[in-house]
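Enquirer: generate a structure from the sequence data that follows.
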Amino acid sequence: MSQRQLPSSGTGSGHRGQASPAKSHAMFALMGLVGSIYVLLIAGWCAIVGTLPMGLVLFFVHDPSYYPLYLLAAWLSAPGLAALFAIFRDQPSLASWNAALRQQLAVEKTQGWQLPEWIAPPYVNPDDTNALIRPYFRAWWHLAWRSWLLALPFGLVAFACIYNAQIAGVLGWGSLAMPIALVLLALLLQASLIALILLVEYPKAHWWPTLKNALILSVRRIYMLPISLLALAGYGWGMTQSPILVSLLATGISWYVIWASARWQANKLFVQMAQESGDKRIVDMYGGKQQHSGSTLSSLKDVQQ
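Expert: Numbering: from 1, shown residues only. Sure, this is the predicted structure:
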């Protein structure tokens, strides 16, 4: 009797052994999802503090005629967005496709090789990937002045667009000028986000090439622009309905979508710079070999000092 039960017992053991890997994968996926949600929540809360000028203006000022105040607050909040993009770039919990490889290459400096100086090292310590608050504000401090310098021309041009659209409305041909102004403002917004992404990646790059590249990249892969605008519009609408709840729960995920769309546009320059470096490890870090973006983008010397 016991001998007839042995095969049955062995078969049951085999089923349990086959189910164990599936459960492990499910648990791993669940922990990854929980980790991503945690990172997005904490990063969003950090961004609320880092972009406090813009938050205060949105909360207390609801008159569009005060657009210079909105633009000033957005300019002051540029370092907060740059620091948030730095966390998105290097936080492994968000499954950024090149964050793990960059951290691996950063560790290899002890083995006789290190990331070139023109590429920013990981903003998140590879030995403490769960840290968020300290890396965020360290990145804010590191990128603040360059963020303000990069954001200033975008703010001035945006002011000129809105002001001229107002004048055109008074003169009677605002119906023609307003759509043009809206398109220009949308492209300026995307270009400013790409400029901050370039700053995070190449903090030593020269000012003018960074601006030029951001403007060119804003019309490359332009199909990503509606994604950014929809995410930003949805976030803004939510802030008007329930500002506290939306700011606490949706800031991180909204800006992550905006960052991902703008970074996909900027990746054309990243690949070109990696190819010009001639280092296979850097090429692999930016997604492998692709065709050059074209001579309109800057060369490697413009991101080196």
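Enquirer: please enumerate the helices of the stretch 101-250 of the chain.
Expert: In the stretch 101-250 of the chain, the helices defined using DSSP state H, counting those that start in this stretch lie at 133-171, 174-201, 207-217, 225-241, 243-277.
Enquirer: any chance of those in a markdown table, plus mean neighbour count and distance to Ala83?
Expert: Quick note: C-beta positions are derived from backbone N, CA and C, even for glycine. Formatted as a markdown table, those follow (neighbours: other C-beta atoms under 10 Å; distance: least, C-beta to C-beta, whole Å):
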| stretch | mean neighbour count | distance to Ala83 |
| --- | --- | --- |
| helix 133-171 | 17 | 4 |
| helix 174-201 | 20 | 9 |
| helix 207-217 | 20 | 17 |
| helix 225-241 | 15 | 18 |
| helix 243-277 | 20 | 11 |
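Enquirer: so which of these is nearest Asp284?
Expert: Asp284 lies closest to helix 243-277 among the helices of the stretch 101-250 of the chain, at 8.4 Å (C-beta to C-beta).
Enquirer: run the angle between that closest one and helix 225-241 for me.
Expert: Helix 243-277 runs at 160 degrees relative to helix 225-241, counting by axes from the mean of the first three to the mean of the last three C-alpha atoms, to 10 degrees.
Enquirer: helix or strand right after helix 243-277?
Expert: Going down the chain from helix 243-277, the next helix or strand is helix 280-285, by DSSP states H and E.
Enquirer: buried set for that next one?
Expert: By 16 or more other C-beta atoms under 10 Å, the buried positions in helix 280-285 come out as 282-283, 285.
Enquirer: would you reformat the helices of the stretch 101-250 of the chain as TSV and include mean pLDDT and distance to Gln114?
Expert: Shown next, in TSV, are the helices of the stretch 101-250 of the chain (pLDDT from 0 to 100; distance: least, C-beta to C-beta, whole Å):
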stretch	mean pLDDT	distance to Gln114
helix 133-171	93	18
helix 174-201	92	16
helix 207-217	94	23
helix 225-241	91	34
helix 243-277	91	13
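Enquirer: I'd like these written out as JSON lines, with distance to Ala120 added.
Expert: Shown next, in JSON lines, are the helices of the stretch 101-250 of the chain (distance: least, C-beta to C-beta, whole Å):
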{"stretch": "helix 133-171", "distance to Ala120": "9"}
{"stretch": "helix 174-201", "distance to Ala120": "6"}
{"stretch": "helix 207-217", "distance to Ala120": "13"}
{"stretch": "helix 225-241", "distance to Ala120": "23"}
{"stretch": "helix 243-277", "distance to Ala120": "12"}
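Enquirer: rewinding a little: which one of the buried residues of helix 280-285 is nearest to Ala82?
Expert: Checking the buried residues of helix 280-285 against Ala82 by C-beta to C-beta gives Met285 as the nearest, at 20.5 Å.
Enquirer: state the distance from that closest one to Arg138.
Expert: Between Met285 and Arg138 the distance is 22 Å, computed by C-beta to C-beta, to the nearest Å.
Enquirer: Leu152 too?
Expert: 23 Å.
Enquirer: and for Ile180?
Expert: Taken as C-beta to C-beta, the span from Ile180 to Arg138 is 41 Å.
Enquirer: isn't Ala144 right next to Leu81, touching?
Expert: No - between Ala144 and Leu81 there is no contact under C-beta atoms under 8 Å: 11.3 Å.
Enquirer: now stretch 54-63: average pLDDT?
Expert: For stretch 54-63, mean pLDDT rounds to 88.
Enquirer: from the chain's centre, how far out does that stretch sit?
Expert: Centroid separation between stretch 54-63 and its chain, computed with C-alpha atoms, centre = their mean, to the nearest Å, is 24 Å.
Enquirer: CA-only coordinates of it, as PDB, when you get a sec.
Expert: Below are the C-alpha coordinates for stretch 54-63, written out as PDB (Å, rounded to 0.1, in the frame of the first residue of the first chain):
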ATOM      1  CA  MET A  54       5.000  77.100  -9.100                       C
ATOM      2  CA  GLY A  55       2.800  75.300  -6.600                       C
ATOM      3  CA  LEU A  56       2.100  78.400  -4.700                       C
ATOM      4  CA  VAL A  57       1.200  80.400  -7.800                       C
ATOM      5  CA  LEU A  58      -1.100  77.700  -9.100                       C
ATOM      6  CA  PHE A  59      -2.800  77.400  -5.700                       C
ATOM      7  CA  PHE A  60      -3.300  81.200  -5.000                       C
ATOM      8  CA  VAL A  61      -3.400  82.800  -8.400                       C
ATOM      9  CA  HIS A  62      -6.200  81.800 -10.800                       C
ATOM     10  CA  ASP A  63      -6.200  84.800 -13.200                       C
END
